[in-house]
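**Q** with the input below, show me the fold.
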Amino acid sequence: MDNSKIVEELKSSIRDIPDFPKKGIIFKDITTLLKDGKKFQKAIDCIVERYKDKKIDKVVSVEARGFIFGSAIAYKLGAGVIPVRKKGKLPHETNRVEYELEYGKDILEIHKDAISAGDNVLIIDDLLATGGTMKAVFDLVEGMGGKVVEIAFLIELTFLKGRERLKGHQVFSLIEF
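**A** Numbering: from 1, shown residues only. Next up, the predicted model:
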């Protein structure tokens, strides 16, 4: 099976939930993909294949569903896994970034000792929507001296134009809607 067939198989296993979390939104539910071990494995393998020769030192993943993918990918690449969390969730000294949401502001944090200058970093999350969260994470990693190899997603909602906010950065999405 070539990658395009795998991607279509994975895409077809993602369930639409209308009017969640609010009316007018169609939520892309990945739990239907995650519960199928073979499909989850295929998704991880497709992403890992792209980075296996890139000498990734750290995989930075974003709370919460990004942790699912970040951990598995880091394991397969033999890289460290670094969590980025909402304010107050990490126990040690942190660097933080405040960023704009559609409905206000939020803060993300990373441990100060998580990234060393020159580390090759892959940033991963489950979904690219408007790009605001990922731009903030990129700024955190770059500010710590990490070299972002690419920003990767399982899913990209292309109609929300999140890539525009990430212009100038390498972006990869396995599945596009």
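**Q** who are the packing partners of the helix or strand of the chain with the lowest mean pLDDT?
**A** Using mean pLDDT, DSSP states H and E, strand 94-101 stands out as the lowest-scoring helix or strand of the chain, at a mean of 92. Where contact means 3 or more C-beta pairs under 8 Å, 6 or more residues apart in numbering; DSSP states H and E, strand 94-101 is packed against strand 104-111, helix 132-143. Using the backbone N, CA and C atoms, a C-beta is placed for each residue, glycine as well.
**Q** who wins for proximity to residue 149 among these?
**A** helix 132-143 (10.5 Å; C-beta to C-beta).
**Q** export whichever helix or strand comes after the closest one to CSV, keeping only CA atoms.
**A** Toward the C-terminus, helix 132-143 is succeeded by strand 147-156 as the next helix or strand (DSSP states H and E). The C-alpha coordinates for strand 147-156 follow below in CSV (Å, rounded to 0.1, in the frame of the first residue of the first chain):
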residue,chain,number,x,y,z
LYS,A,147,16.7,24.5,15.5
VAL,A,148,13.2,23.7,14.3
VAL,A,149,13.5,21.1,11.6
GLU,A,150,9.8,21.1,10.9
ILE,A,151,6.3,21.6,12.4
ALA,A,152,4.2,18.5,11.8
PHE,A,153,0.5,17.7,12.3
LEU,A,154,-1.7,14.7,11.9
ILE,A,155,-4.5,16.9,10.4
GLU,A,156,-4.6,20.3,8.8
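**Q** can you pull out the residues in contact with strand 147-156?
**A** Strand 147-156 is touched from outside by 14, 28, 30, 43, 47, 50-51, 54, 56, 69, 118-128, 134, 138, 141-142, 162-163, 166, 169-177, with contacts defined as C-beta atoms under 8 Å, 6 or more residues apart in numbering.
**Q** what about 7 Å?
**A** Strand 147-156 is contacted from outside by 28, 30, 43, 47, 54, 56, 69, 118-128, 134, 138, 141-142, 162, 166, 169-177, using C-beta atoms under 7 Å, 6 or more residues apart in numbering.
**Q** also stretch 101-112?
**A** Contacts to stretch 101-112, defined as C-beta under 7 Å, 6+ apart, come from residues 82, 84-87, 90, 92-99, 130, 132, 136-137, 140.
**Q** buried subset of the residues you listed?
**A** Neighbour-count burial (16 or more other C-beta atoms under 10 Å) applied to these gives 82, 84-85, 90, 94-97, 99, 130, 132, 136-137, 140.
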